[in-house]
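Engineer: model the following, please.
(one chain, ligands or ions: 1)
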Amino acid sequence: MIRSVCRICHGGCGALITVRDNKVIKVTGDPQSPMSKGWMCVKGMNSPHIANHPDRLRTPLHRSNNKSGSWQKISWEDALTRIAERMEKIRSGSGPESIALGQGTGRHHYMHVVRFANALGTPNWYEPGLAQCFIPRISVSNLTYGGFVTADYYGDTPPKCILFWGHNPLVSSPDGELGIAVKRALEQGAIGIAVDPRRSETAKRCKLWLPVRPGTDAALALAMIHTIISEDLYDHPFVEHWTSGFTELKEHVRDCTPAWAAELTGVETTAIQEAARLYASTKPAILDWGLGIEQNSNSLQTVRAIACLRALTGNIDVPGGDILGMNLLNPFPTLANQLPKGMIKKRLGAEKYKLLGGWRAFMPSAHIPTLFQAMRTGDPYPVKGLLVFGGNPLATLANSRQIYESLQCLDLLVVTDLFMTPTAEMADFVLPAAFWTETDQVIGYPLVVENMVYCQQKAVQTGECRQDEWIMDQLSRRLKLPHCEEGLEEIMEYQLAPLGISRQELKKQGVITRAHRYYKYKEKGFRTFTKKIELFSKALKRLKYPPLPTYQEPSESPLSRADLHEQYPYILTTGSRRREFFHSEQRQVAPLRKMRPYPLVELHPDIAARHDIEKNDWVIITSPRGSIRMKALVTEDIRPDVINVEHGWWFPERPEPDHGIWDSNANVLTNNGPPYDPGFGTYQLRGMLCTVAKER
Ligand code: SF4
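Structural biologist: Alright, predicted model coming up:
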């Protein structure tokens, strides 16, 4: 039995792997894990089905005769040498910036991709979450509180109130905030408030459900701030000693009344007031936020508005509230200083979206629409190569048809993954990745705050599969990149140094915890310019962004695009999580697919009646970008004007190379065009316009 930690999703569940004859035969939850305490979700429990799946990629593949030929098995030596040669050709001909690196969300190799990009000398790497998910919350927390905060689900003091905002953690179990811990907190008596256009699994367990119109969350937050201040519900001692800009904020929200927000959000005035009163007066309280607040073209100010609520109520770094991290590990050595200054300036989108690609960015990266435009058009300079590690951009990036056109223009596409995917089918080389049961890593949880350190350890070897980090290191050596002699082992030892233990010791212990220190800001203040929480952000002012949070109507909404509204009368949302799948993965895993065999669209009975749609009918959903088909799930648990489509769908069982990627892929409907969020360059993924019809 080998102790490790599952990372099918962003991870955090301690796992015990049973191995026989170099084969994973069973995975169970580790009862000693301080976060999951023996629990695993249905994906984790099905790990043996994934690890041993007959369709796993097991050897490197090369497509003969450019894009049109058949797949040929080749050796690692051959694959790595040929890829390095083609990278070198692009690098010497067009510059390193013409090679981009991409990845999916929250993988074990996440930081290694950043390191590889810096060593290679390209400023152009991406991951969808940098503008659309999680990273805006981290960046705003850093600007506002001087550090990221996480919910204190694992301490001795349970929260008395939890405000879930754009988040369904009972299903998504994100970033180390596991659904089981949320369930425990609610069962211990925490009062739940859910802000979500759907009455999600989490919202169903809450006292209050605020069915907000997608994309209008900032208005709701500003009205809650207004209520908390005007009704004198804020934490006076905390606000006076530990925040700056209260007077300016108070003046700023004077007209943001609950009645004003009710008009915009569709949430009743009394419900807004009740939520504000409940959150402000029930302590300690957690504000558990999710990506629902980030996927709009006003993401910076939306996250900022919500972040102010924690400060006004003093729920920061208190037991049972939202806590600053212990950061037990050394920061991952990303080799940021290896990237020449000239290259930093060339980062696509960095000049415009300073919190995504500029010096104040959490992890400076390229703007995805600008990068993919450069692939298609060569403007402002050509991008000719793309290496994707654990990502399926045809399914997971907005406006899939445009992504397809962009990928077709590349001279070199390399995809590293567990299975063949529609994106991998377009590649020149496909490399077989290691599954989490085949992976060595050190990982701090909850992500970013690193209050505990887990050991992920390799239990088996499958075929010729290799860990993504190994692949990057091998390419680095062939390209003679700086620090290419250092490997993962050295990096893990470096990360563990502050704990005074070696990787071998961590393997024995499995997980390291330290007693959490609360109220850390009392030692040296918050790590901001003013040493206080910045309700009025001096950092944003210097960057020429509004220093106080503002509301902006979504760029494609019933109000902003009245011209489209007659043809597309409903509001589209997407991206809600499912227990069985992580984004576009696991559709080939039979026990999981059996539980969720086809793509579903959730719609209200009013919409269904209007279009003669019944439960399980196939329906066509259409947006200004295109149409897809899904089965109808008619439910009262959604706003009557909202349609929620599942994302990530393709059909591995279909033999054609696109594996049905155009049939039910939510990103056929979404838009990656401007206007973008001025800080992060975020495009609007929720709250766009659509219509629906029964398939005839
Ligand atoms: S919640 Fe994530 S980490 Fe936990 S078992 Fe499921 S997939 Fe694995």
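
Engineer: contacts only, for the residue of the chain at minimum distance from the ligand.
Structural biologist: Residue nearest to the ligand within the chain (Cβ to the nearest ligand atom): residue 44, separated by 2.4 Å. (Each C-beta comes from the backbone N, C-alpha and C, glycine too.) By Cβ atoms under 8 Å, 6 or more residues apart in numbering, the contact list for residue 44 reads 6, 8, 13, 15, 27, 29.

Engineer: could you do residue 333 as well?
Structural biologist: Residue 333 neighbours (Cβ under 8 Å, 6+ apart): 115, 491, 494.

Engineer: just checking, the first one touches residue 334?
Structural biologist: Yes. Contact criterion Cβ atoms under 8 Å: residue 115 and residue 334 qualify, at 4.9 Å.

Engineer: need the distance between the two termini of stretch 668-675.
Structural biologist: End-to-end distance of stretch 668-675: 19 Å, with Cα to Cα, to the nearest Å as the criterion.

Engineer: if we can go back for a sec, CSV for the contacts of residue 333, including pLDDT, distance to the ligand and neighbour count?
Structural biologist: Listed next are the contacts of residue 333 as CSV, based on pLDDT from 0 to 100; distance: Cβ to the nearest ligand atom, whole Å; neighbours: other Cβ atoms under 10 Å:
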residue, pLDDT, distance to the ligand, neighbour count
115, 97, 24, 25
491, 96, 22, 22
494, 96, 25, 16
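
Engineer: from those, which land in helices?
Structural biologist: Counting by DSSP state H, these place 115, 491, 494 in helices.

Engineer: re the thing from before, what's the mean pLDDT across the helix or strand harbouring the residue of the chain closest to the ligand?
Structural biologist: In the assignment (DSSP states H and E), residue 44 maps to helix 42-45. Regarding helix 42-45, the rounded mean pLDDT is 96.

Engineer: and it, C-alpha only, in PDB?
Structural biologist: Extracted in PDB, the C-alpha atoms of helix 42-45 (Å, rounded to 0.1, in the frame of the first residue of the first chain):
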ATOM      1  CA  VAL A  42     -16.200   9.100  -7.300                       C
ATOM      2  CA  LYS A  43     -13.400  10.200  -9.700                       C
ATOM      3  CA  GLY A  44     -10.700   9.400  -7.200                       C
ATOM      4  CA  MET A  45     -12.300   6.000  -6.300                       C
END
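
Engineer: now it: buried residues?
Structural biologist: 43-45 (16 or more other Cβ atoms under 10 Å).

Engineer: tell me what the helix or strand following it is packed against?
Structural biologist: Along the chain past helix 42-45, the next helix or strand (assigned with DSSP H and E) turns out to be helix 47-51. Identification of packing neighbours for helix 47-51 by 3 or more Cβ pairs under 8 Å, 6 or more residues apart in numbering; DSSP states H and E yields strand 23-29, helix 590-595.

Engineer: same thing but at 10 Å, please
Structural biologist: Other helices and strands packing on helix 47-51, by 3 or more Cβ pairs under 10 Å, 6 or more residues apart in numbering; DSSP states H and E, are strand 13-20, strand 23-29, helix 42-45, helix 590-595.

Engineer: quick one: is the first one near the ligand?
Structural biologist: By that I understand strand 13-20. Yes. Judged by Cβ under 6 Å from any ligand atom, strand 13-20 and the ligand are in contact via residue 13.

Engineer: so what strands line up beside that strand?
Structural biologist: strand 2-6 (antiparallel), strand 23-29 (antiparallel) (DSSP bridges).

Engineer: list the buried residues in that strand.
Structural biologist: Buried, per 16+ other Cβ under 10 Å, within strand 13-20: 13-17.

Engineer: likewise for the second one?
Structural biologist: When neighbours are counted by 16+ other Cβ under 10 Å, the buried residues of strand 23-29 are found to be 24, 27-29.

Engineer: these two touch, right, residue 387 and residue 124?
Structural biologist: No. When contacts are counted by Cβ atoms under 10 Å, residue 387 is not listed as touching residue 124 (11.0 Å).

Engineer: who has more neighbours, the two?
Structural biologist: For residue 387 versus residue 124, the count of surrounding residues by other Cβ atoms under 10 Å is larger for residue 124: 30 against 27.

Engineer: residues contacting the more buried one?
Structural biologist: 96-102, 117, 343, 346-350, 357, 365-367, 370-371, 374, 381, 383, 385-386 (Cβ atoms under 10 Å, 6 or more residues apart in numbering).

Engineer: try it again at 8 Å.
Structural biologist: Residue 124 neighbours (Cβ under 8 Å, 6+ apart): 97, 99-101, 117, 347-348, 366, 371, 383.

Engineer: just give the number of residues close to residue 657.
Structural biologist: By other Cβ under 10 Å, neighbour count at residue 657 equals 11.

Engineer: residues near residue 68, how many?
Structural biologist: Residue 68: 7 neighbours (other Cβ under 10 Å).

Engineer: ugh, typo on my part, it should be residue 341
Structural biologist: Neighbours of residue 341 (other Cβ under 10 Å): 7.

Engineer: equivalent analysis for residue 10, please.
Structural biologist: Going by other Cβ under 10 Å, the residues that sit close to residue 10 add up to 22.

Engineer: please state the backbone phi and psi of it?
Structural biologist: phi -70, psi -10 (degrees, to the nearest 10).

Engineer: may I see the buried residues of the host helix or strand of residue 371?
Structural biologist: Using DSSP H and E, residue 371 sits in helix 368-377. Neighbour counts over helix 368-377 (16+ other Cβ under 10 Å) mark 368-376 as buried.
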